[in-house]
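[1] Provide a 3D model corresponding to the input given below.
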Amino acid sequence: MWGVLTLVLGLLCVALSVAWPTISNGQSSWSEEKAVAYQEASAKVHELSMQAGSTAPEEQSHAMHEQLADAQSKYAALRTQLESVRSQPERIALVLRYTGLALLVGGVIALVKSAGKNTAES
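    Coordinates of the predicted model:
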């Protein structure tokens, strides 16, 4: 009985792990405000990079370099958050898959043991 239950639970976990990345889209973790902030930070880095690139090196001020470094830092922080949100469904799917596989193996072992007991008792 436990072997069959474990097998079914393992199959459900593996099936859920395959479907999880499409079921979970990460929108609950990445708000509209964060999306706007990410777009603004990206645009700011692009704008400041273009300004720095179109200005002769001797005419570039220290403040311009600081602004660009600050904008790049903010963008990098938001980019790291975005990548974390994007990869979260894959991590959950991986945990589900390995849990399901472990349950499947455990279920097979339990079924083989119970079949061996039934054969020995007969």
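[2] rest of the way, CA atoms for contacts and neighbours
    Fine.
[3] distance from the longest helix seen in the chain to the middle of the chain?
    Among the elements of the chain assigned as helix by DSSP state H, the one spanning the most residues is helix 62-121. From the chain centre to the centre of helix 62-121 is a distance of 7 Å (CA atoms, centre = their mean, to the nearest Å).
[4] the helix or strand containing residue 9 vs helix 62-121, what angle?
    Counting by DSSP states H and E, the element that carries residue 9 is helix 2-23. Helix 2-23 runs at 160 degrees relative to helix 62-121, counting by axes from the mean of the first three to the mean of the last three CA atoms, to 10 degrees.
[5] output the below-cut-off pLDDT ranges for the chain.
    Low-confidence segments of the chain, defined by pLDDT under 70: 25-28, 120-122.
[6] ok, residues contacting stretch 19-33?
    82, 85-86, 88-90, 92-93 (CA atoms under 8 Å, 6 or more residues apart in numbering).
[7] and the end-to-end length of that stretch?
    Using CA to CA, to the nearest Å, the end-to-end distance of stretch 19-33 comes to 28 Å.
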